[in-house]
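*Asks:* Okay, here's the prediction I keep looking at, along with the sequence it came from:
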Amino acid sequence: MTNEIYSELNEAQKIIYTRSMIGRAFSDFDHGQICTIYRVGKNCIVKRKNGIEEKYPAEDIKVAYLKFIQREVPFFSYLGPNYRGPIPWPYQSNTYILLKGWNYAYQGSHKIPEARMQQLWANSFTNLKSIESVKSVLDNLNDDDPDDEGLEDTEKALGHIMTPYKYCSCQAFQKQLKNLDQFKEEFYENYQPMCKHLHWYDNFKLFQRKRNELAEDLGGRSPMNVVIWFYIPPAKQYQKGTFKLWWTRKGLYSDICNWKQINSLSQWDAWSYFDRMLEKGFIPYESSTVPKLKSILCGKS
Ligand SMILES: [Zn+2]
């Protein structure tokens, strides 16, 4: 048997081979009483305080990391006040400000300081000419450490500035960027930093593109197949909110009796339902587009 070399984790490995990431890869993993985590050959060795060593294939933990770092988060997680999408920042091409969904975190959260700050700033980010000034308004010290799952959305940052496929100001992305050579060594030569914000933006762009294509296909005619949607945040943060959808084949201004509701949806269903409706040729509208209908339908259910 060859002697295996125990090596201390380098900076990238410290980000990848955390106890929570091992737990994501191996559901029966015990998070307690851990002394040290080493990297040995193709494995991670977890040394317990009682001296026992456990071996976990590094490959499985890497897969868990990649999955976690670019996980899908709900539609409302990065919408600003009044369901506002990414705000283009005019001083750098293809660069956007994503505001965290403070306005939809829980019922009444539109009144918390972070949400109010967003309401105040939403139209003014375009006045800030340096990316550092944008970041200092958006960041409040820390945010989105991939190892602090329980805390990630309770951080007080207002949002992030990002360039699709290239850059995000969040800590998860920045840590990968800072240790990029080590990440490349750990994964593959062309490894690019990634994060849930870049992933969310991709989803949102796709949603917008499909919606625009459908609208363009109508060539100026009013759409008959339409959906209106409305969101009621959960009573407490991290719980399920209520995502309401109504649809009709008779146009936005048709009589109330022509509308049918899809029941029992939460924020986690929004992406897939939007996608499903768009595939079937239905154009979604946020319900305040038709205030009269909104008051009837939202009051009714
Ligand atoms: Zn990010």
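*Replies:* Looks like it came in fine.
*Asks:* use CA for all of it now, contacts and neighbours both
*Replies:* OK.
*Asks:* What parts of the protein come near the ion?
*Replies:* Contact residues (Cα under 5 Å from the ion) of the chain with the ion: C168, C170, C195, H197.
*Asks:* excluding its backbone neighbours, what's nearest the second one?
*Replies:* The spatially closest residue to C170, leaving aside those adjacent along the chain, is H160, at 6.2 Å (Cα to Cα, 6 or more residues apart in numbering).
*Asks:* ditto for the first one
*Replies:* In space, and not counting its chain neighbours, C168 is closest to M162: 4.2 Å by Cα to Cα, 6+ apart.
*Asks:* Next one, pLDDT for the one you found please.
*Replies:* Per-residue pLDDT puts M162 at 97.
*Asks:* So it sits against M194, correct?
*Replies:* No: counting by Cα atoms under 8 Å, M162 sits too far from M194 to count as a contact (11.0 Å).
*Asks:* hmm, back to that, tell me if the residue nearest to C168 really is in a strand.
*Replies:* Yes: assessed with DSSP: H, G, I helix; E, B strand; the rest coil, M162 lies in a strand.
*Asks:* for it, which residues make a bridge with it?
*Replies:* On the basis of DSSP bridges, M162 is bridged to Y96, C168.
*Asks:* what's the burial count for it?
*Replies:* A total of 22 residues lie near M162 under the criterion other Cα atoms under 10 Å.
*Asks:* Now name the helix or strand holding the closest residue to the ion within the stretch 201-301 of the chain.
*Replies:* The nearest approach of the stretch 201-301 of the chain to the ion comes at Y201, 9.9 Å away (Cα to the ion). In this structure, Y201 is located in helix 196-217 according to DSSP states H and E.
*Asks:* contacts for stretch 176-190?
*Replies:* Applying Cα atoms under 8 Å, 6 or more residues apart in numbering, the contact partners of stretch 176-190 are N10, E11, A12, Q13, K62, Y191, Q192, P193, M194.
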